[in-house]
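Compute the structure for the input listed below.
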Amino acid sequence: MASQLQPVSDSSAWTAADFPVRRSWARPLGETALADLDAAMRRAVATGTPFHEIRREDCPLPTFGPALAGALEDLETGAGFALFTGFPFARYSYDEALLCYAIVSAHLGVIVEQTHKGDRKIDVTDKGLPYDHKTRGYSSNKLLPFHTDGADIVGLLSLGKAAEGGLSILVSAASVYNAILAERPDLLAVLQRGFHHHRRGEHEAGEAAVSAERIPVFAFHVGILHCCYNRNPVEWAVKEGVVLTDLEHEALDYFDAVAARPEMQIR
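Numbers count the residues shown, from 1 in each chain. Below is the predicted model of the structure:
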């Protein structure tokens, strides 16, 4: 926890040096945990429970549960990410894998709508679409730059290995904040004031295509740093008449440059 213009010093502020052993953060799924998850999935199939209606109390995981509790602790008060490896996607149909994923999700939070259309899950699939203000990045094969997603917790389930690409890179938003505070504190006011975002069709008919309010990149609430960063919607707002100043461009460039430092990243 920290306050404005003070560095963040808790576990969420990490760099690559904090993980000297490659993939030391990964939690392998053992056969006992997988058996636990499989049994819960089979019960969901038997009861016909839709994936988005699964609740934690419906799917107790006596063996796997403690590991999920540890992952949740990492998400809430630790580094801010968690990874389980070894999910046997080849064993399951798409619907069965989705139920397994929903059961894990139910032990970490509540599955909520992610889009204006009410989607509760999204397939990350190359549909041959461009990545622009009319589409979403998960339907393209283009590089997705560093960004935050609009949820308390966001998750990904891999259903196969990409033939090409597919690398995920993580950077601590708190460490980016600390670096900018130390090196260019003059840019923090710009980032804390924030930017208008293009809404990319996620709004009602007749509503403005751009957010009415500026959305801060960095903000503190009860001593906890919050970060909302996605440069593309900021720049796409220019198509709707929003003007970015030279200083705002500089602040965005500096954020990107800090996040691009290899010593900030884990892969």
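
average pLDDT across stretch 161-168?
Mean pLDDT, stretch 161-168: 80.

no wait, stretch 78-85
Mean pLDDT, stretch 78-85: 96.

Which residues does it contact?
Residues outside stretch 78-85 that contact it (Cβ atoms under 8 Å, 6 or more residues apart in numbering): 11-12, 14, 18, 25-29, 67, 71-72, 74-75, 104, 170, 172-173. Bear in mind the C-beta positions are built from the backbone N, C-alpha and C, glycine included.

For those residues, which PyMOL command selects only the ones that are buried?
Buried residues within the contacts of stretch 78-85, by 16 or more other Cβ atoms under 10 Å, are selected in PyMOL with:
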select buried, resi 12+14+25+27+29+67+71+72+74+75+104+170+172+173
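
So which of the contacts of stretch 78-85 belong to strands?
Ala26, Arg27, Pro28, Leu170 (DSSP state E).

Go through the longest helix along the chain and flag the buried ones.
Assignment by DSSP state H gives helix 31-47 as the longest helix of the chain. Neighbour-count burial for helix 31-47, counted by 16+ other Cβ under 10 Å, picks out Ala33, Leu34, Asp36, Leu37, Asp38, Ala39, Ala40, Met41, Arg43, Ala44.

can you tell me the helix or strand for Asp256?
Secondary structure assignment for Asp256, by DSSP states H and E: helix 246-259.

Neighbouring strands - and their directions - for the following helix or strand past that helix?
Per DSSP H and E, the first helix or strand lying C-terminal to helix 246-259 is strand 265-266. Using DSSP bridges, the strands paired with strand 265-266 are strand 170-171 (antiparallel).

Help me confirm that Phe89 comes into contact with Cys100.
No: counting by Cβ atoms under 8 Å, Phe89 sits too far from Cys100 to count as a contact (9.3 Å).

Counting neighbours, go ahead and name the busier of the two.
Using other Cβ atoms under 10 Å as the criterion, Phe89 and Cys100 rank with Cys100 on top: 24 against 15.

and the more buried one, what is it in contact with?
Leu37, Asp38, Met41, Phe87, Tyr92.

May I ask you to confirm that it belongs to a strand?
No: counting by DSSP: H, G, I helix; E, B strand; the rest coil, Cys100 is not part of a strand but helix.

which residues of this structure fall in helices?
31-47, 65-77, 94-106, 173-183, 188-193, 231-236, 246-259.

ok, residues contacting the fourth one?
Contacting residues not belonging to helix 173-183 are listed as 5-8, 10, 12-15, 80, 148, 187-188, 191, 218, 225, 227, 229, 254-255, 258-259, 264 [Cβ under 8 Å, 6+ apart].

Show the buried residues in the residues you listed.
Buried among the contacts of helix 173-183 (16+ other Cβ under 10 Å): 8, 10, 12-15, 80, 187-188, 191, 218, 225, 227, 229, 254-255, 258-259, 264.

re the thing from before, need the helices of the chain in CSV (columns: distance to His116).
Converted to CSV, these look like this (distance: least, Cβ to Cβ, whole Å):
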stretch, distance to His116
helix 31-47, 28
helix 65-77, 26
helix 94-106, 21
helix 173-183, 26
helix 188-193, 26
helix 231-236, 14
helix 246-259, 26
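
if we can go back for a sec, list the helices and strands the helix holding Asp256 packs on?
Here helix 246-259 touches helix 173-183, helix 188-193, helix 231-236, going by 3 or more Cβ pairs under 8 Å, 6 or more residues apart in numbering; DSSP states H and E.

For those helices, could you give me a markdown table that also reports mean pLDDT and distance to Thr245?
Shown next, in a markdown table, are the helices and strands packed on helix 246-259 (pLDDT from 0 to 100; distance: least, Cβ to Cβ, whole Å):
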| stretch | mean pLDDT | distance to Thr245 |
| --- | --- | --- |
| helix 173-183 | 98 | 17 |
| helix 188-193 | 96 | 8 |
| helix 231-236 | 91 | 12 |
